[in-house]
Each structure stands twice: as C-alpha cells, then as structure tokens.
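> Return atomic coordinates for the entry below.
(chains A and B)
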Amino acid sequence: MKKFVISVLVFLIALSISASPGSPFQYKWVQLNNGMPVLLIPVKENPVISSTIVMKVGLKYENKEHNGVSHLLEHLMFNGTTKRTQKQLYDDLDRAGCYSNASTGDHYTAYYTLCSKENFAKALEIQSDMIFHSTLPENKVPKEKSIVIQEIQRDKMSPSYEEGALLRHTLFPASSYGMKVLGDADSVKRIPREEILKFYHKYYAPSNAVAVIVGDFNETDVMKTLEDILGKIPAGDVKGVPADVQIPSSKKMEVQKAASLPYSVYYRVFQCARVGSEEFGAQEIGVELLDRGLKQKFSAVDSRISCSTVYTADYGLVEIRARVKDEKTALQFDRELSVYLKNFKVSSADVREIANRMVQETVFSLERPHFFGMLFAPQIAAGLKNPLYPLVVSDKSVGEFIRKLNGECRSLSLLINGREEKQ
Amino acid sequence: MKQLLVLLLLSVSMCGFAGENERNATVSVQALPGSVAAGFHIAFKGRKLCEQEMNTPGFADLTGYILEQNYRKMQQEFDKLGCELQFYDYPFLPFDDYYTRDEMSFIRGKVPNGKVAEALSLVSQLIQSAETVNGKELAQAVRSCTRGNRMRRSLNAVAGQHLRQLLFENEYPAYPTYFKGKIPDLMRVKKFMRRYYSPGNMTITVVGDVNAASLKKEIEGRFTASKAGAPCGAKFRVKMTIPEKRTASYETSRKSQGQLVLVRPLKENLNESELAAALLFAREFSDLISFQLREREGLAYSIGAGIRSIGGRYFLAVSMGTSPKFVKSSADRISKMLETLLKEPGVSETELERIRNSLLISRRMKRLTNVNKAFFYGVNLLWHRPLNFEEQVDKSIEKVDIGTLANAKALFSGPEIRMLINATEGQLEKDNGEKREHRKHL
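The predicted structure is shown next:
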C-alpha cells in the first residue's frame, strides 16, 4: 500500500513538470505503469517520431579488468533477441523504415530510433525487444570485439586521444571515470561473454531507464503505445550507486608530458554544480558567457579557446581549454586567466541573450527529433528535468556562479606538454 | 532576317555570356507553415572553376576560414537574433553523395522564422567585411585551415581527391579541394574574394514559416552589387576519362588504418526513375556487404555503398574502413559480390519493400531540417533541376517494381576503379595484371 501511495505521488509530481503555455515548445514528463519515466515533446514539423531510450549505465560501473564493457555491450545489443535473429532484427528495422543507432558515455548508454509516425508502434516494439530481450549471441562476441578494437585503433590516431586520456587520468586517478569509455584493446579482448551478460542483466531494466519521445504524435495514442510496449516490462530493481568523485585541487599548475602529442594544451578545470542542482542553469549560462568572453580576450593565445561543461550523474565540471606554445606561455596565461575571472562582470542583458540563444538551439535540435535525444541523453541520464531551464535563470545566480569559480569550487590547472608546434 | 539576327544574338548570349553580367543574387524563398525554425543556404557558385581560372587552388577553402574568423567577431550580433551559422566544411553535413565541394562552397544558417531578413542582412555585412582582411588575419586563416583539420586528412578525403584526379585529369573536379602551402599574396586573395563572393555569384535559398514574396524582395534588395561582376559559372558536366579497370594504391601517415573506395560509373544522363532504381540497387548492395563483412565477419568499422554524383555523372561508390591487412582482400570480395549480384535474378516483393523503406527513411532524414531543405533547393537551382527534385526521386522510388529494379543492373556498365589506402605491401605485390599506381600521399 505504502509503495502504491508513493508511486501515485511520484506520478503526480512528474505530471506537474511540464512547459507553461507560450513556451518555445511544449514538453511533459509522464510515468509508465512500471515506473519508467518518459519525456514527451510534440513537434509537428515533419511526419516522424523518434524514441530515445537512455540506460543510466556506462563507464561509471566498469572496472579496470573489464574496461569497455558498456560500449561492447551496446554493440552486441544489435545482434539478436529472444525472438529475432540479427538478420530478422535488421530486416524488421528496415521494413519499418526505421533509423537506429546508439552511443555510450561515462554514465549512460542511449539507443535512438526514428521512423515515420505511422510505423512508430512497430519501431518501438523492435527497439524494446532489442534493449530488454537481447541474447548477446556467443558467436557474435569475437566479431563485435574486432569492430570495437578497430574503433579504438582509429581513435588512437587522433591527437585528441592522448590529450583526453591524460586529462581523464589526472582528474580521476582513483575512479572508473579516469578510464576510457571504449576501453583499450587488451581490456576489450579479455572481457568474457559471461561478464557482459552479467553486466547486461544487472543494469538493463526499466527502473534504470528514461525514454524520450519527440515528434508528430497524438498524446493519447502515444501513451497507449508506450504502456503496451514499455510499460508492461517488469521494472526490475536496479539501484544506482552515487559515487563521491572529487577532482584533485591545486593552486599550482600541474605539468604532464605527452611525447607523441604534436601540440601543448592548457586546462583549467573546476568542479561545480551537478545537473539536478539549483545552480545548474546559472552555471550553463555562465559558461556560455565565459566562452564568448575568453574568445574575445585571449584569441591571440588560441583563437579556438573554449569554456565548456561536462556532466555525469556524479559530478559537474567546467573546463577552460587553450592550446599554448610552451610552459612559459601556459604559466603566463594561467595568471592572466585568474585575473580575468576575478574581474568578470555579468550583465542582465547578456544573461537574457545567452538564455534565449540556448533555448533557440534546443528548438533547432527539435527539427531532427532523434538528434534532440542524442543531444540531451547525457543530461537526462544525469537528472535533467526541464529542457527549458535557461528561461528560469536570474542574473544574480549567474554572478554567484562566477564568484564560486574564484576560490569556492575545487579547481586544477594542467598543462599537457606535447611537442612544440612549428610556427 | 531580323528574326535570324535576334535568334543569333539570343544563342550567343545563351552559349557564351549568360550570367556574365550578373549584379544580383539568385533568390528562392519557400514558405513552410508550422516550421519550428527557418533555414537558409547561400551557395557560392563555380568553386573550382573560379579557382582554376584564377590559378588560386584551394582559395575557396582558405577564404571560407576568413569568413569564419569574421563570424566569430560578429557572433554576438548573430546570437542576439538567435541565428547560428555553419560554414562549408561543417563536419556533420550528410551530403557526401553530392561532392558539392567541386561545385560550390557555402554559408548556411538556422534562424527563428521572424528573423530571416535581419540575419541575412548581417551575413551580407559579414561577406563584405571579409574583403578588408589584413595580412595578420590572412596568416591566421592559413594556420587554421592547414593545421588540425582532421576532415581533410581523413582517408575518405584522400581517396576522393585521388579518384577525381584519376577521372577528370585536367578538368575542374580534379583541382585541389583544400588549401595547402604558405600564406598567399594578400592582393590575390582579395581579388579572388571580390569575384567569388560577389552577389551575382550567389544562389540564396530560404525555407521556413515566412512570407515568401516580401522576404524574397527584401533579400534581393540586400544582395545586389553596385556594378556587374563576372560570376564563376556553374558548369557541372565535364569531360571524364573513365580509365580501364584499374587499381590505385596510396599510403598515408595513418598506417594503422586502411580504407578502400571502389567505384563503378553508371550510364550518362539518368532520368528520375533510372536514378531511383540505381539508388535501390545500391542500397541492396550496401546491405549485403555490410551484413557480410561487418556484421558477420567484423572486418569493417565502417562500410557502405551509395550513388554519388561527381562532375555531373553518377557512380556506384563503395567505401570501407578496415585494418590495412584486409584492404586488398576486402576489395576483391566486394568486387566479386557486386558481379554476383549483378548476375542474380531480382529480389522478392518483401525484400524490395524492406530495401525501399530503409532507403526512403535515410533520404528523408537528410531533409528534416529547413536548413537542409534549403541546401537541396540550392543544389537543384545550381544544377538546373526542379526545386523539389528530391521529392520526385522519392516518389519514383515508391513506384519501382521488381522488374524495374532488375533492369537497373544494366545501368552499371562501366569498369571498376579501386582506390586502396594503406593496403599492406605484401598484398599489393600479388596484384598482378592490373594497371596500378602506388604513390605516397604526404
């Protein structure tokens, strides 16, 4: 009885999270009978509907021995289910005129489909079959491992591979977040199928999933379809484990050597608010303002200098990145950056302008319903409820965010020292 | 006699001088009520023709970076309108089938429906301001476009450039796509920009929930030059030398990654229903090879086949990213699979339905956004095709039956051309009897 009352309460609270009339677009959170939350966004521009199913599992739950298991699992999901062979799965997707793809991140794995609105029920049934009834056939494991290892080798050729690996390792030396999402060739090779199956059964259940439905649908019809297909799957009992992740904090710039990197790059990283927090919106707008300001002020250091955010369920980071000539330039930039941040002023007009632009970008993404899912999957997995969050941010809260950057947040300066660039 | 003179004059103007005294941009605005946002596309025509004529290889690429630099400076003004611009080498454009980098470069943008005129007015200022580029800014643009651009070093890009050189020899598609080398003379850059970015050399297409007639008038008024210029032209059918069956092999610095590109020319001047049938056949073949080589055997991290237009001619193009040790053997197998499929009897109704639906969704996905619709309208205007050409092809695809698809096999009559990138040497040694080249690509 207690469980039922809680469920009803959660359902009512969920229903209340929706856009007000006059918003740039409408959205609504609903909950299926098995508790699975669903974000509905109607868009009538094209006669298509997309379904994104976000599983709240990724690198976070991996260990060194089996690093890469989430991504390998994502690949294996397309290889057959309890009622479809891989060929049947692919043929059914094609026959329904259905685009299907997936991606894996630090704390999520997302599966996307897009199809004409007439075929939505069929597409959702296939997607649900694939995600919740996969068999991970034994004879397909070596083939998928081979593809993943080729992906790793391809990624390794990019200079950003070493840069990313060093940054992760420095920020999260003792956490699974310090590893690579794809793993490495050795770890992928040694993951046994039993381990992949165990991982799959542990984390793939509606209680660990969120669905995002965007497109040209009628709400009553789409809810019936969702209940019939997703709502009947047993909820499962996946318990997400919050991790206490803290980046190292230091006032002195750390230097890491990267012999094969053909350039040097400076990072200032702050550990700030998480997605679900009150400060999240202000942080996002503040970072956009900083990005713009840094590009104007420091274009001579690096015309592509950037300020951006990274979120998982366990942390929120603000990263300032600039390519620099050498250690001396990095140290000078480090000092100038600190002064710049101390004197950074936030105006009301700027906050409104950035907020409007961010909302407009979200509106743009809705033209491709599946793309909205791809764009927002990381934040939704990390707890985002209001996709129109920039509209409720005050200038005062953005000012407060900037103030916190100057001392209150944990922060780290890092130089990844590669080979000197030829001028 | 008078009539003859008029006819003669008309024919001279059509053959030789059409478009040479243009002052205004060509503008097309399509109203699409209910759109969440508008999209526009500004094509700068005759990209490689212009570069070839002015002996300025890769200048469209380089000057695109100058425009992009200026955009960063003006970004706040664009932001105020909620307008987002993308430049011609934006990495996620799904238009590889068109190889439009031979024909044009472009600026495109997404904007709220009510702000199109203001956004295009800003774009006009952006283009004009680019001509005031100074030496320092030019040096910065050279650095940006020659360093760190991964796209131009992708194995597909390398293969594509070599393929054009093989097919078109001295014709414009073989001209370099990307800028290479040292900082060019500032005056040459400015001269190129004055011609290439003149209003008469632009085709502007807009799609959105807008008042088409008044917006068209406003844009035409904005994109007009004080005096007539000499546009670069928009020739897209050129002389092509199809070599005999041959293999060309190249090495790049990315030795651990292999790539193969295999093309077969289709007959010239395909009509819509022939193109539809060819697209379906290519999809059938794409599914066949990706299922066998990727899904069953795990040999490819990327694989696919499609119909591509290069220099006005259609080709079946297959590409596969794989380990260097599988490049040559995969090319052999793909070639054999194609021959077998060309000889096999047609597909069943159910199979045709599967191929058709999967092809249609992938084609429609490319046209979901208004900015992409504007791109396609721009290409169609440039290539003198009906504005809704893509929709017409979709309708033809819906009508293709088993018999038409079987007949499509006759369209693939040309010889096969292979580009092998980073294939391991041992395999190349065995490649006897075929005309082949082996070069180092730096």
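> which SS state does the residue of the stretch 101-250 of chain B found nearest chain A fall under?
Proximity to chain A, evaluated over the stretch 101-250 of chain B using Cβ to the nearest Cβ, is greatest for B:Lys110 at 4.9 Å. Quick note: C-beta positions are derived from backbone N, CA and C, even for glycine. For B:Lys110, the assignment made with DSSP: H, G, I helix; E, B strand; the rest coil gives strand.
> And for the closest residue to chain A within the stretch 51-200 of chain B, the neighbour number?
For the stretch 51-200 of chain B and chain A, the shortest gap (Cβ to the nearest Cβ) falls at B:Gly82, measuring 3.8 Å. Neighbours of B:Gly82 under the rule other Cβ atoms under 10 Å in any protein chain shown: 23.
> Same check on B:Lys239?
9.
> Give the closest residue to residue 255 in space, chain neighbours not counted.
Assuming you mean chain A. Closest residue to A:Val255 apart from its sequence neighbours, by Cβ to Cβ, 6 or more residues apart in numbering or on different chains: A:Leu415 at 4.7 Å.
> That was the other one, I meant chain B.
Distance criterion Cβ to Cβ, 6+ apart; nearest residue to B:Lys255, sequence neighbours excluded, is B:Asn422 at 5.7 Å.
> thought that neighbour was touching B:Gly321?
No - assessed by Cβ atoms under 8 Å, B:Asn422 is found out of contact with B:Gly321, at 10.5 Å.
> Can you pull the phi/psi pair for the nearest residue to A:Ser299 once chain neighbours are set aside?
For A:Ser299, ignoring the flanking residues on the chain, the nearest one in space by Cβ to Cβ, 6+ apart is A:Ile305 at 7.2 Å. Main-chain dihedrals, A:Ile305, degrees, to the nearest 10: phi -50, psi 140.
> Assess the claim that A:Ile305 and A:Gly293 are in contact.
No - the criterion here is Cβ under 8 Å, and A:Ile305 misses it with A:Gly293 at 10.1 Å.
> between the two, who's got more neighbours?
Per other Cβ under 10 Å, whichever of A:Ile305 and A:Gly293 has more neighbours is A:Ile305, with 22 against 17.
> Please point out which parts of the lengthiest helix in chain B sit buried.
Within chain B, and with DSSP state H defining each element, the longest helix by residue count is helix B:59-81. Neighbour-count burial for helix B:59-81, counted by 16 or more other Cβ atoms under 10 Å in any protein chain shown, picks out B:59-71, B:75, B:78-79, B:81.
> ditto for stretch B:237-245
Counting neighbours by 16+ other Cβ under 10 Å, one finds that the buried residues in stretch B:237-245 are B:238, B:240.
> ok so, going back, what pLDDT is listed against the residue of the stretch 51-200 of chain B closest to chain A?
Note for B:Gly82: predicted pLDDT of 89.
> and what of the one 4 residues further on?
The predicted local distance difference test score for B:Gln86 is 88.
> Next: B:Arg23.
81.
> now A:Phe4
According to the predicted model, the pLDDT of A:Phe4 comes to 47.
> Excluding its own residues, what touches stretch B:176-196? List them.
Residues from elsewhere that reach stretch B:176-196, judged by Cβ atoms under 8 Å, 6 or more residues apart in numbering or on different chains: B:44, B:47-48, B:50-51, B:54, B:56-63, B:66, B:101-102, B:130-131, B:133-135, B:138-139, B:142, B:145-146, B:149, B:152, B:157, B:160-161, B:201, B:229-232.
> Sort out which of those are buried, if you could.
The buried subset of those - by 16+ other Cβ under 10 Å - is B:44, B:47-48, B:50-51, B:56-63, B:66, B:101-102, B:130, B:133, B:138, B:142, B:145-146, B:149, B:152, B:157, B:160-161, B:201, B:229-232.
> Of the residues you listed, which belong to helices?
Of the buried ones among the contacts of stretch B:176-196, the ones assigned to helices by DSSP H are B:47-48, B:50-51, B:59-63, B:66, B:130, B:138, B:142, B:145-146, B:157, B:160-161.
> For A:Leu226, the count of nearby residues, please.
Per other Cβ under 10 Å, the neighbour tally for A:Leu226 reads 24.
> Could you point out which residue ranges in the stretch 51-200 of chain B have low pLDDT?
Residues of the stretch 51-200 of chain B that meet the criterion pLDDT under 70 lie in B:88-100, B:148-153.
> Swap in 90 and give it another go.
For the stretch 51-200 of chain B, applying pLDDT under 90 flags the ranges B:72-73, B:75-76, B:79-80, B:82, B:86-105, B:129-131, B:143-174, B:176-178, B:180-181.
> Would you mind listing what in it touches chain A?
B:69, B:72, B:75-76, B:79-80, B:82, B:84, B:110, B:112, B:140, B:144, B:150 (Cβ under 8 Å from any Cβ of the partner chain).
> Can you tell me which of these is closest to A:Ile196?
Closest approach to A:Ile196 among those (Cβ to Cβ): B:Arg150, at 31.6 Å.
> wait, what's in contact with A:Val188?
Going by Cβ under 8 Å, 6+ apart, A:Val188 touches A:67-68, A:72, A:145, A:148-149, A:152, A:182.
> Repeat the analysis, applying 7 Å as the threshold.
For A:Val188, the contact set (Cβ atoms under 7 Å, 6 or more residues apart in numbering or on different chains) comprises A:68, A:72, A:145, A:148-149.
> Repeat that for A:Glu162.
A:Glu162 sits next to A:258, A:260-261 when contact means Cβ under 7 Å, 6+ apart.
> Repeat that for B:His41.
Counting by Cβ under 7 Å, 6+ apart, B:His41 touches B:106, B:108, B:205, B:371, B:374-375, B:378.
> Specify the beta-bridge partners of it.
Legend: beta-bridge partners of B:His41 under DSSP bridges are B:Arg108, B:Thr205.
> just checking, A:Val210 is part of a strand?
Yes - the assignment for A:Val210 by three-state DSSP puts it in a strand.
> That one against A:Val54, yeah?
Yes - counting by Cβ atoms under 7 Å, A:Val210 does reach A:Val54; the two are 4.6 Å apart.
> Counting neighbours, go ahead and name the busier of those two.
Comparing A:Val210 with A:Val54 by other Cβ under 10 Å, the one with more neighbours is A:Val54, at 26 against 22.
> Go ahead and name everything in contact with whichever strand or helix holds B:Gly403.
When elements are defined using DSSP states H and E, B:Gly403 is found to belong to helix B:402-407. Applying Cβ under 7 Å, 6+ apart, the contact partners of helix B:402-407 are B:273, B:277, B:280-281, B:346-347, B:349, B:352.
> Please repeat the previous calculation with a cut-off of 10 Å.
Residues from elsewhere that reach helix B:402-407 (Cβ atoms under 10 Å, 6 or more residues apart in numbering or on different chains): B:273-274, B:276-278, B:280-281, B:284, B:344-349, B:351-352, B:355-356, B:396, B:400.
> Those residues also near chain A: which ones?
On the criterion Cβ under 10 Å from any Cβ of the partner chain, B:351, B:355-356 are the entries of the contacts of helix B:402-407 that sit beside chain A.
> Burial check on the residue of the stretch 101-250 of chain B closest to chain A, number of neighbours?
Residues lying near B:Lys110 (other Cβ under 10 Å) number 27.
> Over to the one 10 residues further on?
Using other Cβ under 10 Å, B:Leu120 has 24 neighbouring residues.
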